[in-house]
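**Student:** next come a sequence and a model predicted from it.
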Amino acid sequence: MPSTRNVACMLCNSTNPRKIKTLLIPKQNLCKCRNDGLVYLNQRLGEKEQKEVYEKDILKNEAYYRSTFNKDTENFGRILDIVRKFGKPESVIDIGSSTGTFLWCCAQRNIKKLFGVEINKASREYSKKRFGFRILSSIPKKGKFDLVNLSDVIEHLQNPLESLKDIRKLMHKNSLIAISTPNFDSIITKLTQVKPEEHLYYFTKKTLRKTLQKAGFEAIYLKSTSRNHSVENFLLSSTVKNRMFRYAVKAILFLRLDDITEPLIRKTKKDLLAIAKLE
Ligand SMILES: [Zn+2]
């Protein structure tokens, strides 16, 4: 049996959270801080064991990444369009760059200085080979970047607050940071994105803002939003084990109703996007 440890709230150090038990999230060890409402997994594997989960996670789903490429480029393009309202980045570092799609979108927008950080070796090599990007295995100690991006990353981190404080060092006074993460105020997120083996934190607008503030950032944009997903990929990335749900999705695909259901998924605003600068 791998050992588990109890983790205090990263925002207030309290070790007395309330267990979350609802019909939607049964038996998942999720808890909510009584002081600030932060939702997180307080009993979790050791850091070393957790890291191994990601390193082992070889590119088993290359087919998944290929199939999501088009939707991802639309979603990342939208993030970059919003970023452009606040600044014109000439250098970008994408932390958790996965297979390199975000950096590819930056390259399409003529941004020349592109860097990625990716813990998973297979993903790193895939994006080097496919796009020729410079992908590092850990956050660099030196260097300043106009834009730092974290898409679907902070919910995986052991302590997002401490990581964000480290990330500050990569930024200058005009740099921007873009963060996207599932929105725990959305019922769709509660249904499909509770993944205790990967997702250690579950942010709402309120707790994301507080985390940014504590790390020394000022959110200049913070909205619930929705990314484009094909219904099929939505099923693949979700955690719902419920058979009825899976049959329903298959029926939607079989009956070709996804033109109707995709906009409905988007309406649920199941994601958060924050753009912030140094305080
Ligand atoms: Zn707390």
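**Tutor:** The structure has been received and is ready for your questions.

**Student:** and for whichever residue of the stretch 51-200 of the chain sits closest to the ion, the neighbour number?
**Tutor:** Relative to the ion, the nearest point of the stretch 51-200 of the chain is residue 161 (10.5 Å; Cβ to the ion). Every C-beta, even on glycine, is put in place using the N, C-alpha and C of the backbone. Residues near residue 161, counting by other Cβ atoms under 10 Å, number 18.

**Student:** now do residue 72
**Tutor:** 22.

**Student:** how close does the most centrally placed residue in the chain sit to residue 17?
**Tutor:** The centre of the chain sits closest to residue 152, judged by Cα atoms, centre = their mean, with a distance of 1.1 Å. Computed as Cβ to Cβ, to the nearest Å, the residue 152 to residue 17 distance reads 24 Å.

**Student:** flag every residue of this protein that's near the ion.
**Tutor:** Proximity of the chain to the ion (Cβ under 5 Å from the ion) is limited to residues 9, 11, 12, 14, 33, 35, 36.

**Student:** can you flag the buried ones in the residues you listed?
**Tutor:** Among these, the ones that count as buried by 16 or more other Cβ atoms under 10 Å are 9, 11, 33, 36.

**Student:** dump these to JSON lines, plus secondary structure, distance to residue 197 and pLDDT.
**Tutor:** Converted to JSON lines, these look like this (DSSP: H, G, I helix; E, B strand; the rest coil; distance: Cβ to Cβ, whole Å; pLDDT from 0 to 100):
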{"residue": "9", "secondary structure": "coil", "distance to residue 197": "21", "pLDDT": "97"}
{"residue": "11", "secondary structure": "coil", "distance to residue 197": "23", "pLDDT": "97"}
{"residue": "33", "secondary structure": "coil", "distance to residue 197": "21", "pLDDT": "97"}
{"residue": "36", "secondary structure": "coil", "distance to residue 197": "25", "pLDDT": "96"}
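
**Student:** let me know the closest of the residues you listed to residue 190.
**Tutor:** Of all those, residue 190 sits closest to residue 33, with 17.4 Å by Cβ to Cβ.

**Student:** residue contacts, the closest one?
**Tutor:** When contacts are counted by Cβ atoms under 8 Å, 6 or more residues apart in numbering, residue 33 is found next to 9, 11, 12, 14, 17, 18, 39, 40.

**Student:** ok, now with 6 Å
**Tutor:** Residues near residue 33 by Cβ atoms under 6 Å, 6 or more residues apart in numbering: 9, 14, 17.

**Student:** find the nearest non-adjacent residue to it, please.
**Tutor:** Spatial nearest neighbour of residue 33, excluding adjacent residues (Cβ to Cβ, 6 or more residues apart in numbering): residue 9 at 4.2 Å.

**Student:** which helix or strand in this protein has the lowest average pLDDT?
**Tutor:** Using mean pLDDT, DSSP states H and E, helix 231-237 stands out as the lowest-scoring helix or strand of the chain, at a mean of 65.

**Student:** export the residues of the chain next to the ion to TSV and tack on distance to residue 73?
**Tutor:** Below are the residues of the chain next to the ion laid out as TSV (distance: Cβ to Cβ, whole Å):
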residue	distance to residue 73
9	37
11	34
12	39
14	41
33	37
35	40
36	36
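
**Student:** closest one of those residues to residue 128?
**Tutor:** residue 11 (36.7 Å).

**Student:** could you measure from that closest one over to residue 45?
**Tutor:** The gap separating residue 11 from residue 45 is 22 Å, by Cβ to Cβ.

**Student:** help me confirm that residue 180 is found in a helix?
**Tutor:** No - assessed by DSSP: H, G, I helix; E, B strand; the rest coil, residue 180 does not belong to a helix; its assignment is strand.

**Student:** quick one: it and residue 273 touch, right?
**Tutor:** Yes - under the criterion of Cβ atoms under 6 Å, residue 180 makes contact with residue 273 at 5.0 Å.

**Student:** pull up the overlap in contacts between these two.
**Tutor:** Residues touching both residue 180 and residue 273 by Cβ under 6 Å, 6+ apart: none at all.

**Student:** nearest spatial neighbour of residue 174, chain-adjacent residues omitted?
**Tutor:** Excluding the flanking residues, the one nearest residue 174 by Cβ to Cβ, 6+ apart is residue 87, at 6.4 Å.
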